[in-house]
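> Build me a model:
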Amino acid sequence: MATASTESSETSIHSLEALAEADRPTFDLLANPRIEFGAITDPGKVRKNNEDHYAVVRRTRSRKILLTSLNAQPGELPDDEAYVLIGADGLGGGNCGEVASELVLRFGWDLASRQAQWLMKFDPRDWPKIQETLKRIAVQIQEQMLAHSRKDAATAGMGTTWTCAYVVGWHVIIAHVGDSRAYLSRRDKLLHLTTEQTMAQKQKEMGLPKEDTTKFRHILTNAFGCDNDKVSIESAYHQLEPGDRLLLCSDGLYDMVTDEQLRAALHTIYPAQRTCESLRDQALAAGGRDNVTIVVADFHAS
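Below is the predicted model of the structure:
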């Protein structure tokens, strides 16, 4: 994974575990955060088509007292809410990358809407069950991607990455396929939450020098579509805190912008949308060799 971001400033990437307890601010975990979102996608300066797609979705579950003998107080049954942030990067080397990245979002929405229960409260004890649900949904998405390719020969071999953040209160679940990325900016530190599923990453893990893996950094070992029999989904959950800033992005951003530039941009006081625009502008100024997609979420104490 010898990209501009990893070569230039490895010291700007920090361990989430190392920051988990250090100087953690006190806040009410039972009170939902106030969240601000921003998102942008751009074809870049080289490619004619934009094969990326993104979405930010709010899910709510309402309860309302219609009749009761109790002395009910306003707001005694607050709405539950959750948010889904998704970025998908269609594979430019295959057919219909823009179709693949759109379909993976649409198939995911459809399958999620059929779930008997949406996760609206997070309990770490439920994590194994949540992981199994994510694996099942990934299998079903892949089945639908392959079925679509079989019906439409023009889309044979299409593929896409998929990076998703599911936010419930002060918790975020990261689910990931491919080489798009999720980052967390916390207290002026940049935390990398995902691992690139590429040939270069596998070679690095085998001990090869980073400079020897450069030419393999965009050869995916895992993606939706691509006539793959199986898809392996990477998942993890993390507790958020006030001041955190979550970033999802395609390689069109992190290939052009260093980790230090990412850290600095996410540490600014710009609102989420302005931060997305600033990062997009930096990627384009550096050459904009690929489509650029950025989704940012800011977390504040209510």
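
> Walking through this structure, point out its helices one by one.
Ranges of helices in the chain, per DSSP state H, are 4-8, 16-20, 97-113, 127-151, 199-205, 251-254, 259-266, 272-285.

> how many other residues sit next to the residue nearest to D251 when sequence neighbours are not counted?
Spatially, and ignoring its direct neighbours in sequence, D251 is nearest to D179 (5.8 Å; Cβ to Cβ, 6 or more residues apart in numbering). For every residue, glycine as well, the C-beta is placed using N, CA and C. By other Cβ atoms under 10 Å, 28 other residues sit near D179.

> and if you look at T68?
Count around T68 with other Cβ under 10 Å applied: 8.

> if we can go back for a sec, what's the closest of the helices of the chain to D227?
Nearest of these to D227, taken as Cβ to Cβ: helix 127-151 at 7.0 Å.

> what residues does the closest one touch?
Applying Cβ atoms under 8 Å, 6 or more residues apart in numbering, the contact partners of helix 127-151 are 100, 103-104, 107-108, 111-112, 115, 119, 155-158, 162, 173, 175, 177, 224-225, 227-228, 230-233, 235, 237.

> Now with 6 Å, please.
107-108, 111, 155-156, 175, 224-225, 231, 233, 235 (Cβ atoms under 6 Å, 6 or more residues apart in numbering).

> Please apply the same query to stretch 214-226.
Residues contacting stretch 214-226 (Cβ under 6 Å, 6+ apart): 1-2, 100, 104, 142, 145, 158-160, 162, 177-178, 197-200, 231-232.

> where are the low-confidence patches of this protein?
1-23, 92-95, 116 (pLDDT under 70).

> hmm, back to that, if any of the contacts of stretch 214-226 are buried, put those into a ChimeraX selection.
A single ChimeraX command selects the buried members of these (16 or more other Cβ atoms under 10 Å):
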select :1,2,100,104,142,145,158,159,160,162,177,178,197,198,199,200,231
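
> What residues sit buried inside stretch 160-174?
160-174.

> Tell me how far it lies from the chain's centre.
Its chain's C-alpha centre and that of stretch 160-174 lie 6 Å apart, by Cα atoms, centre = their mean, to the nearest Å.

> related to what we said a few turns ago, pick the one among the contacts of helix 127-151 closest to P33.
Scanning these for proximity to P33, where the rule is Cβ to Cβ, the winner is A175, at 20.1 Å.

> related to what we said a few turns ago, and the helices of the chain: which comes nearest E211?
helix 4-8 (8.9 Å).

> quick one: contacts for the residue nearest to D251?
D179 neighbours (Cβ under 6 Å, 6+ apart): 161, 196, 198, 251.

> so how far is K129 from it?
Distance, D179 to K129, by Cβ to Cβ, to the nearest Å: 28 Å.

> ditto for A165
19 Å.

> now do T275
T275 is 35 Å from K129, by Cβ to Cβ.
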